[in-house]
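Participant: One predicted model, sequence on top.
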Amino acid sequence: MEFPSPGRPMDLMFLLSWASHALRAEHATGLAELGISPRAYGVLLRAHGGGLTQRQIGEMCGVDKTTMVVTLDQLEADGLARRVPAPGDRRARLVELTPKGERVLDQARQVSARIEANVLAVLPEAERELFVRAIQRLVNERLSGQCGPAGSVC
């Protein structure tokens with residue numbers, strides 16, 4: 001692998017992609033110990049508060065309808081979540097966590113926090129919060145699915 005050097009500019013897209021891939025793989029390994037995937041974790045996390053339909057959760061997770069159905073089928077089969085009719089809309093289903101789902105979500109949050117702390121431990125303590133804030137700002141202000149000046153859509 002060739003890294004940026006004084007004669008070669010930093011390749012931000014490559015670095016972010018590489019970091020994302022490595023972090024995703026580590027996260028998937030940690031969650032696999034709990035019997036869930038990162039996608040299932042995302043669904044459990046968003047369903048935790050209740051009151052959201054499977055469609056809303058799918059949109060929040062960036063998951064298409066078919067994949068969302070498969071994910072929820074697995075979560076239901078594992079006893080982690082259930083779909084219940086939404087009041088006022090016979091076609092919509094709310095996603096609720098079961099008590100077992102709540103416990104697994106708690107454990108998954110601990111796995112995520114441990115991995116995050118381990119990754120950020122490479123940075124000096126004074127830089128950790130700054131790094132996270134900088135990434136959040138990039139995502140919220142520039143990399144949130146829009147590109148170009150003044151939020152023009154690609």
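Facilitator: Yep, that arrived. If you're wondering where the values come from, they're calculated on a predicted model, not measured in any experiment.

Participant: Could you say which helix or strand holds the residue nearest in space to the middle of the chain?
Facilitator: Per C-alpha atoms, centre = their mean, the C-alpha nearest to the average position across the chain is that of G42, at 5.1 Å. Using DSSP states H and E, G42 maps to helix 38-47.

Participant: what does whichever helix or strand comes after that helix rub up against?
Facilitator: Remark: after helix 38-47, the chain's next helix or strand is helix 54-61, criterion DSSP H and E. For helix 54-61, the surrounding residues in contact (C-beta atoms under 8 Å, 6 or more residues apart in numbering) are 39, 42-43, 46-47, 52, 63-65, 67-69, 72, 83, 92-95. C-beta here means a position set from N, CA and C on the backbone, and glycine is covered the same way.

Participant: May I see the buried residues of stretch 79-98?
Facilitator: Across stretch 79-98, burial judged by 16 or more other C-beta atoms under 10 Å covers 80-83, 86, 93-97.

Participant: looking at it, E76 is touching R82, isn't it?
Facilitator: Yes. Counting by C-beta atoms under 8 Å, R82 is a contact partner of E76 at 6.0 Å.

Participant: I'd like the distance from M60 to S37, if you could.
Facilitator: Distance, M60 to S37, using C-beta to C-beta, to the nearest Å: 16 Å.

Participant: same thing with R82?
Facilitator: 19 Å.

Participant: What angle do helix 38-47 and the host helix or strand of G101 make with each other?
Facilitator: G101 is part of helix 99-120 when elements are defined by DSSP H and E. On the basis of axes from the mean of the first three to the mean of the last three C-alpha atoms, to 10 degrees, helix 99-120 is oriented at 110 degrees to helix 38-47.

Participant: Contacts only, for the spatially closest residue to S112 that is not a sequence neighbour.
Facilitator: In space, and not counting its chain neighbours, S112 is closest to H27: 6.7 Å by C-beta to C-beta, 6 or more residues apart in numbering. Going by C-beta under 8 Å, 6+ apart, H27 touches 38, 111-112, 115.

Participant: Report pLDDT for H27.
Facilitator: Per-residue pLDDT puts H27 at 96.

Participant: Now G35: closest residue in space that isn't a chain neighbour?
Facilitator: Closest to G35 by C-beta to C-beta, 6+ apart is D78, at 6.7 Å.
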